[in-house]
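Chemist: Prediction below, plus the sequence it came from.
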Amino acid sequence: MSRALRRPPARGVEWEFETVSFPRDLSRSAVTGLLVERAEHGGWELDRLRIGNDGVRRVVLRRKIIRQRLTLFGA
């Protein structure tokens, strides 16, 4: 899906991005396992995956930034 066809993020949603590279000698199943582990334990989701001419997989992961709001309790 091209960038132009993507739906814009909802108002107020902020994302944190992380770029990870995997060497070409890692198998597809090994990369999948590493990304699944990252998703389950870190809350990351796949934003973009590029495979370069040299065979290196460049992965961009994202996760929502959840800001805590200050709560004041009346006395």
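Modeler: The structure has been received and is ready for your questions.

Chemist: what mean pLDDT does stretch 60-75 have?
Modeler: Stretch 60-75 carries an average pLDDT of 80.

Chemist: Okay, buried residues for it please.
Modeler: 61, 62, 63 (16 or more other C-beta atoms under 10 Å). C-beta here means a position set from N, CA and C on the backbone, and glycine is covered the same way.

Chemist: So the closest residue to the second one other than its chain neighbours, which state does it fall into?
Modeler: Distance criterion C-beta to C-beta, 6 or more residues apart in numbering; nearest residue to residue 62, sequence neighbours excluded, is residue 47 at 4.3 Å. Secondary structure assignment for residue 47 (DSSP: H, G, I helix; E, B strand; the rest coil): strand.

Chemist: so which of the buried residues of stretch 60-75 comes closest to residue 54?
Modeler: Nearest to residue 54 among the buried residues of stretch 60-75, counting by C-beta to C-beta, is residue 61 at 20.9 Å.

Chemist: any idea which element the closest one lies in?
Modeler: Residue 61 belongs to strand 57-64 when assigned by DSSP states H and E.

Chemist: So which residue is dead centre in this structure?
Modeler: Here the mean C-alpha position of the chain is nearest to the C-alpha of residue 61 (C-alpha atoms, centre = their mean), at a distance of 1.9 Å.

Chemist: what's the burial count for the nearest residue in space to that one that is not next to it in sequence?
Modeler: Distances taken as C-beta to C-beta, 6+ apart place residue 44 nearest to residue 61, at 4.1 Å, with adjacent residues excluded. Neighbourhood size, residue 44 [other C-beta atoms under 10 Å]: 20.
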